[in-house]
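> would you be able to build a 3D model of this:
(one chain, ligands or ions: 1)
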Amino acid sequence: MADIEVPVFIVGGSLVGLSTAMLLGHHSIRSLAVEYHRGTAIHPRAAQTSQRTMEICRQVGLEQIVRRKSEEQFVQDGGVLAVETLVGGPIAHYIADLNEGVRDVSPTVRVFLSQDALEPQLRKRAEELGAELRFATEMVSFEQGADGVSAVIRDRDSGKTQTVRAQYMVAADGAHSRVRQRLGMRMLGHGTFSKSITIYFRAHLAPLVEDHKWAVVYVLNPQLSGFFRFEKPFEKAFLGVFTVGDPENPIMDVSTGLTEQRSLELVRTALGTDSIPFSIENIMHWEASANLAEKFRDGRVFLAGDAAHVMPPNGGFGGNTGVQDAHNLAWKLALVLKGLAGPELLSTYEKERRLVGEFTVEQAYSRYVLRTAPNMSRDGLQPVAPDLNIEMGYVYHSEAVVPEDPNDRLVHENPRESKGRPGTRAPHFWLERRGEQISTLDLFGQNFTLLAGPEGNAWTEAARHVAKPLGIDLDVHRIDENGLTDPAGGFCAAYGITPSGAVLVRPDGFVAWRDKTGDEASVERIRSVLATVLCRTK
Ligand SMILES: Cc1cc2nc3c(=O)[nH]c(=O)nc-3n(C[C@H](O)[C@H](O)[C@H](O)COP(=O)(O)OP(=O)(O)OC[C@H]3O[C@@H](n4cnc5c(N)ncnc54)[C@H](O)[C@@H]3O)c2cc1C
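Reported below is the predicted structural model:
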């Protein structure tokens, strides 16, 4: 017998491991996550947090605290632009305002909050929801069999080892995932194209930046290409450096043999002046790569986050994509572990998320080449898609969705166009419940949800009949029932249904199935839809 028995064992307790533990806890599944480091992230790294990630934070009660922390740390609605040097001012604007033109699609907003500030919040919430997190603990080996995964973990301080037995394991162990390597899964893609650095420094930058809403400032000049990110009150910042030297023929390895003198020169060059005193606090070395794991699953082991896909930071997609992996996987593991879904449901994780991973990696790569590396070939480069499509317009195709058009292979679209089509994120639309404004998104997140138009009684009644015999919790809502109203009168159009139609929304807020008219409404039909998307044999 193992020292520790737990349904899900998570390797890695950084952004994605913590998110997985938290989201499993949200579905009442116990997990153990081990993290080699002694605590949560010490470097800021990721900061750009997409609306989709914020919607997930909203689901687990973290939205307001994340927004508050973000206000303390960053100017809100900051822009993304390019300069030759900071003192020289902008030469290009990529995004004027982080939330311009996207406020209508979500009840929440994009924010900047660095990883070292976000992770403690994820940690706290994961623990509140029952996850066990062990820091300074390494997973040293694992084996999987037909019934589960056995692993050995080691406490780094005492050297004591323990055995863990779990039904499933999630490898959230980062870009150099040893789990992935041990399973012999290759990484496919563009490889590593620069050995980059991030220089964390202190300087009194307020006079230069406090009057602007600058969140990410790319630096492009004959000496270097990289980017600045500034934190309030503008006494510290970081400079990420991708390449140095002639932009037409740059040196892609900035990291090897880097001296302190050279780091000082790079910051000075990017600032564009000798007159701002600064001191370097830390230097982080990392690789800019764009790769995707050939598989996201091997038996009972699932890859999530950077273990499954690595991409350059351009666009701020890497961490967000990992959080979305965790969100997709958590409810599936929960329903399979509770015996309410067939194990085949777990195959839909790879089917859905690998395609999204591939698209997102290519989009980050295109942004890297076009924004920072004019020397790199543009042959075969995927055209840049709107950020919004990448963040929340990705489309799922798998057994966990009943498609309306079996030939539909769309990978992404503007989330305003999806209008409740199966496989897409259920749209945000403001409703009212007993006089209080509520987003449609606030109706989803825990269980499957059937949401019907005001004349959709046939569906709501059928759904209420079917949940109990199937043993599942199904939330059922109809507009104009139980105080839920649609004062703007646009709900049906937003979901592409007539007043007697209905949609079935998965716990991750994606539409599993839709009936536009209500003509098909029957207990048998909803039973068969649920059995299909849960991959149940009965
Ligand atoms: C400069 C920079 C800026 C970025 N900006 C953004 C941004 O704005 N937005 C965004 O979304 N993304 C951004 N990213 C990307 C983001 O940081 C990563 O995608 C994210 O950290 C991935 O999280 P992860 O948990 O998958 O992996 P990691 O953060 O790499 O964590 C993996 C963890 O697993 C642990 N581990 C590994 N093996 C073991 C083991 N055997 N036992 C125990 N523990 C183990 C490691 O110690 C590590 O803490 C940025 C990255 C960089 C470098």
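
> can you pull out the strands in the stretch 351-500 of the chain?
With DSSP state E, counting those that start in this stretch as the criterion, the stretch 351-500 of the chain has strands at 430-433, 436-439, 448-452, 474-478, 484-485.

> identify whichever of the ones you listed lies nearest to the ligand.
Taking C-beta to the nearest ligand atom as the criterion, the ligand comes closest to strand 436-439 out of these, the separation being 23.0 Å. C-beta here means a position set from N, CA and C on the backbone, and glycine is covered the same way.

> residues near whatever residue of the stretch 401-538 of the chain ends up closest to the ligand, how many?
Using C-beta to the nearest ligand atom, the point where the stretch 401-538 of the chain gets nearest to the ligand is His412, with a distance of 17.1 Å. A count of neighbours around His412, defined by other C-beta atoms under 10 Å, yields 22.

> nearest spatial neighbour of it, skipping sequence neighbours?
Beyond its immediate neighbours in the sequence, the residue positioned closest to His412 (C-beta to C-beta, 6 or more residues apart in numbering) is Asn389, lying 4.3 Å away.

> OK, contacts around that neighbour?
Residues in contact with Asn389 (C-beta atoms under 8 Å, 6 or more residues apart in numbering) are 412-415.

> which parts of the longest helix along the chain are buried?
For the chain, the helix reaching the highest residue count under DSSP state H is reported as helix 347-372. Of the residues in helix 347-372, 347-369, 371-372 count as buried by neighbour count, 16 or more other C-beta atoms under 10 Å.

> stretch 241-254 now?
Buried residues in stretch 241-254, counted by 16+ other C-beta under 10 Å: 241-244, 247, 250, 252, 254.

> just give me the least confident of those residues.
The weakest per-residue confidence within these falls on Pro247 (82).

> gap between that one and Asn482?
61 Å (C-beta to C-beta, to the nearest Å).

> for the stretch 201-350 of the chain, what lies in contact range of the ligand?
Among all residues of the stretch 201-350 of the chain, those adjacent to the ligand (criterion: C-beta under 6 Å from any ligand atom) are 240, 286, 305-306, 313, 316-320, 322.

> try it again at 5 Å.
240, 286, 305-306, 313, 316, 318-320, 322 (C-beta under 5 Å from any ligand atom).

> in strands, which of these appear?
240, 286 (DSSP state E).

> where along the stretch 1-150 of the chain do the strands fall?
So, for the stretch 1-150 of the chain - with DSSP E, counting those that start in this stretch - the strands run 4-11, 31-34, 48-49, 79-83, 90-95, 111-112, 132-134, 137-144, 149-155.

> could these go into CSV alongside distance to the ligand?
Conversion of the strands of the stretch 1-150 of the chain to CSV gives the following (distance: least, C-beta to the nearest ligand atom, whole Å):
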stretch, distance to the ligand
strand 4-11, 5
strand 31-34, 5
strand 48-49, 3
strand 79-83, 10
strand 90-95, 13
strand 111-112, 7
strand 132-134, 9
strand 137-144, 4
strand 149-155, 8
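
> now for whichever residue of the stretch 151-300 of the chain sits closest to the ligand: which residues touch it?
As assessed by C-beta to the nearest ligand atom, the ligand sits closest to Gly174 within the stretch 151-300 of the chain, at 2.8 Å. Counting by C-beta under 8 Å, 6+ apart, Gly174 makes contact with 12, 14, 305-307.

> can you name the two of the residues you listed that sit furthest apart?
When these are compared pair by pair using C-beta to C-beta, the two farthest from each other are Ser14 and Ala307, 10.7 Å apart.

> which of these two has more neighbours?
More neighbours sit around Ala307 than around the other of Ser14 and Ala307, counting by other C-beta under 10 Å; the figures are 30 against 25.

> now that one: closest residue in space, sequence neighbours ignored.
For Ala307, ignoring the flanking residues on the chain, the nearest one in space by C-beta to C-beta, 6+ apart is Ser177 at 3.6 Å.

> then Thr537?
Excluding its sequence neighbours, the residue lying closest to Thr537 (C-beta to C-beta, 6+ apart) is Gly342, at 6.3 Å.

> where does pLDDT dip in this protein?
Applying pLDDT under 70 to the chain picks out residues 538.

> hey, where'd the helices end up in it?
In the chain, helices defined by DSSP H lie at 15-26, 51-59, 63-73, 115-128, 178-182, 206-209, 260-271, 318-337, 347-372, 387-392, 415-418, 457-470, 491-495, 523-533, listed in chain order.

> anything in the second one near the ligand?
No. Using C-beta under 5 Å from any ligand atom, no contact is recorded between helix 51-59 and the ligand, whose separation bottoms out at 7.7 Å.

> for that helix, which outside residues touch it?
Applying C-beta under 8 Å, 6+ apart, the contact partners of helix 51-59 are 19, 23, 26, 49, 63, 66-67, 102, 105-111, 319-320, 323-324, 327, 391-392, 425, 441-442, 444-445, 509.

> sorry, back to before: overlap of the contact sets of Ser14 and Ala307?
172, 174.

> run through the residues that contact Arg154.
With contacts defined as C-beta under 8 Å, 6+ apart, Arg154 is in contact with 137-138, 140, 160-162.

> how far away is it from Met169?
Separation of Arg154 from Met169 (C-beta to C-beta) stands at 16 Å.

> circling back to that earlier point, just want the angle from the longest helix of the chain to helix 523-533.
Relative orientation of helix 347-372 with respect to helix 523-533: 60 degrees, computed using axes from the mean of the first three to the mean of the last three C-alpha atoms, to 10 degrees.

> now do helix 347-372: distance to the chain's middle.
Computed by C-alpha atoms, centre = their mean, to the nearest Å, the chain-centroid distance of helix 347-372 equals 12 Å.

> who's in contact with the residue of the stretch 201-350 of the chain found nearest the ligand?
Among all residues of the stretch 201-350 of the chain, Gly305 sits closest to the ligand, at 2.4 Å; criterion: C-beta to the nearest ligand atom. Gly305 makes contact with 12, 15-17, 172, 174, 319, 321-322, 325-326 under the criterion C-beta under 8 Å, 6+ apart.

> neighbour-wise, which one of these leads?
In terms of neighbour count, Gly17 stands highest of those at 32 neighbours, by other C-beta under 10 Å.

> return the distance of the residue nearest to that one when sequence neighbours are not counted relative to Asp408.
Distance criterion C-beta to C-beta, 6+ apart; nearest residue to Gly17, sequence neighbours excluded, is Ala172 at 3.7 Å. Relative to Asp408, Ala172 is positioned 31 Å away (C-beta to C-beta).

> end-to-end on stretch 371-388?
18 Å (C-alpha to C-alpha, to the nearest Å).

> quick one: contacts for Gly316?
Counting by C-beta under 8 Å, 6+ apart, Gly316 touches 46-50, 216.

> now swap in Leu208 and tell me
Leu208 makes contact with 86-87, 234, 276, according to C-beta under 8 Å, 6+ apart.

> now, of those residues, which are buried?
Taking 16+ other C-beta under 10 Å as the criterion, what is buried in those is 86, 234, 276.

> mind checking how far the first one is from Met169?
Here Leu86 is placed at a distance of 45 Å from Met169 (C-beta to C-beta).
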